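1. fold the following for me, if possible:
(chains A and B, ligands or ions: 1)
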Amino acid sequence: MTTETTVGRFGRYGGRYVPETLVPALLELEEAYAKASADSSFGEEVARVLKEFVGRPTVLTPARRLTEAWGGAHVWLKREDLAHTGAHKINNTVGQVLLAKRMGKKRIIAETGAGQHGVATATACALFGLPCEVYMGALDVERQSLNVFRMRALGAVVKPVESGSRTLKDAMNEAMRTWVSQVSDTHYVIGSAAGPHPYPTVVRDFQSVIGKELRTQAQAAFGKLPDAIIACVGGGSNAIGVLHPFIGDKDVRLVGVEAAGHGLESGQHGASLTLGTEGVLHGSRSLVLQDEHGQIQEAHSISAGLDYPGVGPELAHLAKTGRMEVRTATDDEALAAFYEVARTEGILPALETSHAFARGRELARDLGKGKYLVINCSGRGDKDVATISARGVPPPVGVKS
Amino acid sequence: MSGEIAQAFAKAKARGEGVLVAYAMAGDPDLARSVDVFAALVEGGADIVEIGVAFSDPIADGPVIQAASERALKAGSTLKRVLEEVVPEVRKRCPQTPLVIMTYVNVIMAMGEERFAKLARERGVSGAILPDLPPEESAGLRATFDAAGVDLIPLCAPTTPKARAEAIARDARGFVYCVSVSGVTGMRAELPADLSQRLDVVRKASPVPVVAGFGISTTEQARTLSAHADGVVVGSALVRAANADGPSAAKALCADIKRGLKR
Ligand SMILES: Cc1ncc(COP(=O)(O)O)c(C=O)c1O
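-> Numbering: from 1, shown residues only, chains lettered A, B, ... in the order given. Coordinates of the predicted model:
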């Protein structure tokens, strides 16, 4: 089951809106990816690295205390936070860097927001011996200093981007500009299921390992498919990865949670599925936050990984056709969820992931007892400790004052 | 076809000259004063004027035009205002010079493709260049523009294979814009060695004139290229001159380039 209507199109969305200089490289990538997909040895190599290096399959964890606290459906967590480097991003970078090697590329470039994709790309480059350059908005360089260090430790060059809002959108602009000037020997590893065709398809396929594992694990753990799956949505890679294998299962509710930032009415958010309009950003037609003149607006989220005014074309299609339900969570709701999960389950989720948890209670209650809700725990929160602790730490649990 | 573009090339050819397509950013430093810049380009000898309309995320542009876009957006430039306040004024001051809009596809989509084409034509625009709209995505827009009489001018890149370049040229409206370097807009001290050869290939296949652009800023470069192209596009160098020293500096640079285009 796929929502791809024609090659590179998801309903009205998708396509390849890039300078002509890049089109031959995208055609080359499309062809190389088709060949690799048809070659079982490529799939086996990716699977082997995911097993031996990334630590897949990631476990499916019962969240017993959250289930009890929320008083609704059984809650289970798909633990992408336990993948090497601490988030789902590595599933895609291992696949793309192996593909780049097959294509004979000599260098890797990437953009990053939270730094998780940058770290995952730098990690794959270290593993396979390719030089790596990561473009990162200067604001994100400040607020994700742990990941900046990790990338540098792994041997990558981190290039702070000073233009525009100094966040993910601008990092992606700069990575594209760099790719235009070095396209013959360089592969650009896009980190989300966004960008020009074939990226949304390639990234979705590499991330679908999450949902495929979940199908098998759910059957083994509770004898059926989940009744609902919930994931946070930035560009959309963890969401499409966990949800895609279930699109054809009409009884499985698919839910995406976007960043509402300071609130949807504040104008400072990252809710492109909820409030975006059709437009072209970073090479594909999708839903984007823009003004009436077609100027892209700055997004806002406490989590750098959701601080993006666009979204991948396939998720836009799933949202518009109603197959995926779209919810939002504010900065404050995500923070509250972060502590709730920390203190009831012993897991520090990433701030991005905390947005998915923030809508968990309602959904669990809506589903009701005896049903099964899976939350995609896309990453761990170590990278966010500076942001979160700057707002003060709530008092310890169970200490008498 | 708008006709005016073909005429501009024919006139230059009759005078034994290559065509100078001169670019500046509408709204830089503000809408009214950018009209003076466009007029200065024509006084300096520009045969076709490219009116840049700012976009927040210009992925095909280098630092000079990025900075100009930011200044223009700060000054309140929008496609609507450019068509209402800049184009008619430039039209009035330079009635003989074809005007071409250069912007990104999202700006056109936001206005509505048909609405843009109709309004642009009414105000005297002859063509449009959209650097993020490759042939695969352009059929619908080209038909809309054709119906309104606005030429959708295609781009050809150093990475474009020969057969693809020939196909682009065969389908071209107005002229073919051959991008000289693999990269973003901005001045280059040296142009690639194989550029003349690539221009020859495209020119052979093209029913319309062929120009070279990206990186061109000197009389010498214009002279070298005029043997292989029907004209050159100069952008960043003019934007920088106008921003640093005003319209007269842009005019002087146009005159320098134009000297290189005389055979
Ligand atoms: C842990 C985590 N979750 C989610 C995201 C959002 O990206 P996407 O929507 O592509 O999964 C990020 C991005 O950096 C992330 O680090």
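
2. how close does B:A128 sit to the ligand?
-> Between B:A128 and the ligand the distance is 34 Å, computed by CB to the nearest ligand atom, to the nearest Å. Where you see a C-beta, it was placed from the backbone N, CA and C, and this is true even at glycine.

3. quick check: phi and psi on that residue?
-> Listed backbone geometry of B:A128 is phi -150, psi 140, with angles given as degrees, to the nearest 10.

4. next, count neighbours for the closest residue to it other than its chain neighbours.
-> If the residues on either side of it in the chain are set aside, B:A128 comes closest to B:I101, at 4.7 Å by CB to CB, 6 or more residues apart in numbering or on different chains. Residues within reach of B:I101, counting by other CB atoms under 10 Å in any protein chain shown, total 26.

5. pretty sure B:I101 is in a strand, no?
-> Yes. When classified by DSSP: H, G, I helix; E, B strand; the rest coil, B:I101 is found to be part of a strand.

6. got a list of what it touches?
-> With contacts taken as CB atoms under 8 Å, 6 or more residues apart in numbering or on different chains, B:I101 has the following neighbours: B:50-51, B:53, B:82, B:120, B:125, B:127-129.

7. try it again at 6 Å.
-> Shown here is B:I101, whose contacts under the criterion CB atoms under 6 Å, 6 or more residues apart in numbering or on different chains are B:51, B:125, B:128.

8. got it, and A:E133?
-> A:E133 is in contact with A:109, A:157, counting by CB under 6 Å, 6+ apart.

9. in which helix or strand does it reside?
-> Following DSSP states H and E, one finds A:E133 within strand A:132-137.

10. ok now that strand, how far from the chain's centre?
-> Mean-position distance between strand A:132-137 and its chain equals 17 Å (CA atoms, centre = their mean, to the nearest Å).

11. my read is A:R327 is in a helix, agree?
-> No. Assigned with three-state DSSP, A:R327 falls outside any helix and is strand.

12. I'd guessed it sits against A:R359; true?
-> Yes. Assessed by CB atoms under 6 Å, A:R327 is found in contact with A:R359 at 4.7 Å.

13. what touches both of the two?
-> In contact with both A:R327 and A:R359: A:V257, using CB under 6 Å, 6+ apart.

14. just the buried positions in stretch A:378-393, please.
-> Buried residues in stretch A:378-393, defined by neighbour count with 16 or more other CB atoms under 10 Å in any protein chain shown: A:378-381, A:383-384, A:387-388.

15. filter those residues down to just the ones in helices.
-> Among those, the members found in helices (DSSP state H) are A:387-388.

16. can you pull out the helices in the stretch 201-350 of chain A?
-> Here the stretch 201-350 of chain A has its helices, by DSSP state H, counting those that start in this stretch, at A:209-222, A:237-243, A:272-275, A:313-320, A:331-345.

17. right, so of these, which gets closest to the ligand?
-> Distances from the ligand to each of the helices of the stretch 201-350 of chain A were compared by CB to the nearest ligand atom, and the smallest falls on helix A:237-243, at 3.2 Å.

18. could you say what helices and strands that closest one packs with?
-> Using 3 or more CB pairs under 6 Å, 6 or more residues apart in numbering or on different chains; DSSP states H and E, the elements in contact with helix A:237-243 are helix A:199-207, helix A:209-222, strand A:228-232.

19. the last one vs helix A:209-222, what angle?
-> Between the axes of strand A:228-232 and helix A:209-222, defined by axes from the mean of the first three to the mean of the last three CA atoms, to 10 degrees, the angle is 140 degrees.

20. how about strand A:228-232, which residues are buried there?
-> Within strand A:228-232, the residues scored as buried using 16+ other CB under 10 Å are A:228-232.

21. do the longest one as well
-> When burial is assessed from 16+ other CB under 10 Å, helix A:209-222 yields the following buried residues: A:209-211, A:213-214, A:217-218, A:221.

22. if I pick the residue of chain B found nearest chain A, what's in contact with it?
-> Across chain B, the shortest distance to chain A (CB to the nearest CB) belongs to B:A110, at 2.9 Å. Contact analysis of B:A110 by CB under 6 Å, 6+ apart lists A:293-294.

23. which helix or strand contains it?
-> With secondary structure defined by DSSP H and E, B:A110 is part of helix B:105-111.

24. tell me which element the residue nearest to B:F38 when sequence neighbours are not counted falls in.
-> Of all residues not flanking B:F38 in the chain, B:V90 sits nearest, at 4.5 Å (CB to CB, 6+ apart). Applying DSSP H and E as the criterion places B:V90 in helix B:87-93.

25. export that helix as PDB, just CAs?
-> Provided in PDB are the C-alpha atoms of helix B:87-93 (Å, rounded to 0.1, in the frame of the first residue of the first chain):
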ATOM      1  CA  VAL B  87       6.700  47.800 -13.500                       C
ATOM      2  CA  PRO B  88       4.500  50.600 -14.700                       C
ATOM      3  CA  GLU B  89       7.000  53.300 -13.700                       C
ATOM      4  CA  VAL B  90       9.900  51.500 -15.500                       C
ATOM      5  CA  ARG B  91       7.600  50.900 -18.500                       C
ATOM      6  CA  LYS B  92       7.000  54.700 -18.600                       C
ATOM      7  CA  ARG B  93      10.600  55.600 -18.400                       C
END
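
26. okay, A:M1: pLDDT?
-> As predicted, A:M1 sits at a pLDDT of 46.

27. and if you look at A:R143?
-> Residue-level confidence at A:R143 comes out at 81, pLDDT.

28. and A:E4, by the same measure?
-> In this prediction, A:E4 carries a pLDDT score of 67.

29. coming back round to it: and the helices of the stretch 201-350 of chain A as JSON lines, adding distance to A:H300?
-> Conversion of the helices of the stretch 201-350 of chain A to JSON lines gives the following (distance: least, CB to CB, whole Å):
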{"stretch": "helix A:209-222", "distance to A:H300": "27"}
{"stretch": "helix A:237-243", "distance to A:H300": "20"}
{"stretch": "helix A:272-275", "distance to A:H300": "12"}
{"stretch": "helix A:313-320", "distance to A:H300": "20"}
{"stretch": "helix A:331-345", "distance to A:H300": "8"}
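
30. so for the residue in the stretch 101-250 of chain B that the ligand sits nearest to, what's the pLDDT?
-> The minimum distance from the stretch 101-250 of chain B to the ligand, using CB to the nearest ligand atom, falls at B:N106 (21.3 Å). For B:N106, the model assigns a pLDDT of 98.

31. do A:S163 as well
-> Note on A:S163: pLDDT of 89.

32. next, count neighbours for it.
-> Here the count is done by other CB under 10 Å, and A:S163 has 20 residues near it.

33. pretty sure it contacts A:A171?
-> No. Here A:S163 does not reach A:A171: they are 9.4 Å apart, not a contact under CB under 6 Å.

34. pull the distance from stretch B:149-164 to the chain's centre.
-> Here stretch B:149-164 is found 13 Å from its chain centre; the criterion is CA atoms, centre = their mean.

35. contact partners of it?
-> Outside of stretch B:149-164, the residues within contact range by CB under 6 Å, 6+ apart are A:20-21, A:24, B:2, B:5, B:117, B:120-121, B:127-129, B:142, B:145, B:165, B:168, B:172-179, B:182, B:201-202.
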